[in-house]
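Asker: Fold the following, please.
(2 chains)
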Number of protein chains: 2
Amino acid sequence: MTPEEIAQCAALAMALEVSATPKPGNIDREHNYPETRYEHFLASAIATYPFFAEAARRRRSFGDLLYSAVIESKKWQHGGNTHFGALVLLLPLAMAEGETAEAHEIVKDTTTKDAIRFYQAFKEADVNVPRVERLSLESESSIREIREEGKTLYQLMVIAETYDEIAREWTQGFPLTREAHKLLVNHTEEEGADINEAIVQTYLEILTMEPDTFIQTKHNRRTAIETSQQAAEIIDQIEREGYRSTLPEIKRFDDQLLSKRINPGSTADIIIAGIFLLLLGGYRY
Amino acid sequence: MTPEEIAQCAALAMALEVSATPKPGNIDREHNYPETRYEHFLASAIATYPFFAEAARRRRSFGDLLYSAVIESKKWQHGGNTHFGALVLLLPLAMAEGETAEAHEIVKDTTTKDAIRFYQAFKEADVNVPRVERLSLESESSIREIREEGKTLYQLMVIAETYDEIAREWTQGFPLTREAHKLLVNHTEEEGADINEAIVQTYLEILTMEPDTFIQTKHNRRTAIETSQQAAEIIDQIEREGYRSTLPEIKRFDDQLLSKRINPGSTADIIIAGIFLLLLGGYRY
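Answerer: This is a model prediction of the structure:
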């Protein structure tokens, strides 16, 4: 696979994910948040293209690529953070040409320098996290500590894995990414769903499996768990009555989450990684 | 400007154009045609990215780039022709880094080989044209004739300019592209419109200025002229009452055109070229 193909798959994965509608709580082609709009995600998806080609060429470290991609995304859109979590998943997968076992080795090999770059990138990305966590993640003293203690980025992810599903993807070998990929293959190939429907269903299924980290951080754990339970009820209904008949219910769920600003952002990041693997595997529509 | 920046601008221009809604008669984020869907355009926009970077590097001829981009677009989506007309405009503009005067020189310098590649690309692109024209454009004898007579692609565009507004962009130095660019700058900078509204308005304005070639080819000249007249009435209303108040009327116009499958495809191509210049000029949102 050429670096260009890998970059095409990554950019298209991001564009397809944000386009998929109705995607309860998250921005999609028909729903914006006041400060962050659909077009911000399109710009970011295309702006980060070159860094996936670079990742595939394996000439730069993960940390450098992440930092550069975040800076580039910010140059192209003013909607705040769009793809930080997605980049954390996609870049090692791009370096590994989609082989999750190899991507796992790559993230295990990250260094202290990667950890510092990660913190710097996080600071630039303007990720929506509570003030306390932001301070710890953004403070100069944190970076000094990492440097002094010689912690690698992987070691930091091991610490974070108890409360962060993106960190868990790193430490456990991309389990939800692989699951999302499997579900997407199933929906598109076995069930003949179109790409939009396949993404919406997979999104709800992954949300059911794991309370969303982003909701947990922005709201609280109870809200994250309740959101997953509601998603599970919708999945049950889809299984009983089919996707099309359940669509009004999905839209109601969407309206409800949007009005409370409950957006399962980490789940969306994982779905992007799953779509990336689907496209790398040759799926076209 | 780097080749990557030029490719980012081109891909984003295509993504923003197809996303803009409501865009009467054409596919947008909320409207598909049965065989060609919104996601086909997103795939094509991202698939053709590398050819704009190549165009900017000026190492390959226009004809080769067009042919390769069309083939790549087809590899990534099965919705038929998406961006043939847009590529014909964007590639010389990318080669010229957005300088329309230089792009005009570049298209004047096209060769017989470019003409042959253009015909081959056209054949691959599955452009929706009447059977008679398709035969003339696709037949092997046409290519033989071009070769024997030594006609350049620019000379063929001069022949086509009487009935084809894309050809006219080539022969007259991109007049509508420049106009679209000017209107987009005005809407975004002077009036503070968001990118979606700016594109929809500019689209209607360009449609008003020129009966759409694609409608004329697919339906007839009268339909193209009537469509432009209707667009003019909507522009009048926007000027009197503002964009937001006119939105229901724009949506009605959209429904009407979609139901009759009247899609101003050439106007959309020109708008893409205008957005490309807007982004090359540094516009971000």
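Asker: Now do the helices in the stretch 151-285 of chain A.
Answerer: A:153-160, A:165-171, A:175-185, A:195-209, A:213-218, A:221-241, A:243-259, A:265-280 (DSSP state H, counting those that start in this stretch).
Asker: how big is the angle separating the fourth one from helix A:175-185?
Answerer: When axes from the mean of the first three to the mean of the last three Cα atoms, to 10 degrees is applied, the directions of helix A:195-209 and helix A:175-185 differ by 140 degrees.
Asker: now for helix A:195-209, which elements pack on it?
Answerer: Using 3 or more Cβ pairs under 8 Å, 6 or more residues apart in numbering or on different chains; DSSP states H and E, the elements in contact with helix A:195-209 are helix A:3-19, helix A:175-185, helix A:221-241, helix A:243-259, helix A:265-280. C-beta: built from backbone N, CA, C; applies to glycine.
Asker: what about the closest residue to A:Trp76 other than its chain neighbours, neighbour count?
Answerer: Spatial nearest neighbour of A:Trp76, excluding adjacent residues (Cβ to Cβ, 6 or more residues apart in numbering or on different chains): A:Ala47 at 3.8 Å. Neighbour count for A:Ala47, taken as other Cβ atoms under 10 Å in any protein chain shown: 26.
Asker: I figured A:Ala47 was touching A:Ser73, is that so?
Answerer: Yes - between A:Ala47 and A:Ser73 there is a contact at 5.2 Å, judged by Cβ atoms under 8 Å.
Asker: most packed of the helices of the stretch 151-285 of chain A?
Answerer: Most buried of the helices of the stretch 151-285 of chain A by mean neighbour count (mean count of other Cβ atoms under 10 Å in any protein chain shown) is helix A:265-280; its value is a mean of 28.
Asker: Remind me which helix or strand A:Ile146 belongs to.
Answerer: In this assignment (DSSP states H and E), A:Ile146 forms part of helix A:140-149.
Asker: How about residues contacting that helix?
Answerer: A:Thr112, A:Ala115, A:Ile116, A:Tyr119, A:Gln120, A:Ser136, A:Lys151, A:Leu156 (Cβ atoms under 8 Å, 6 or more residues apart in numbering or on different chains).
Asker: That helix: how far from the chain's middle?
Answerer: 27 Å (Cα atoms, centre = their mean, to the nearest Å).
Asker: Tell me the buried residues in it?
Answerer: Using 16 or more other Cβ atoms under 10 Å in any protein chain shown as the test for burial, helix A:140-149 gives A:Ser142, A:Ile143, A:Ile146.
Asker: circling back to that earlier point, I'd like the helices of the stretch 151-285 of chain A written out as a markdown table, with mean pLDDT added.
Answerer: Below are the helices of the stretch 151-285 of chain A laid out as a markdown table (pLDDT from 0 to 100):
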| stretch | mean pLDDT |
| --- | --- |
| helix A:153-160 | 95 |
| helix A:165-171 | 97 |
| helix A:175-185 | 98 |
| helix A:195-209 | 98 |
| helix A:213-218 | 94 |
| helix A:221-241 | 98 |
| helix A:243-259 | 98 |
| helix A:265-280 | 98 |
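Asker: Now whichever residue of the stretch 1-150 of chain A sits closest to chain B: closest residue in space, sequence neighbours ignored.
Answerer: Closest residue of the stretch 1-150 of chain A to chain B, Cβ to the nearest Cβ: A:Arg29 (4.1 Å). What sits nearest to A:Arg29 in space, not counting adjacent residues and going by Cβ to Cβ, 6+ apart, is B:Arg29, at 4.1 Å.
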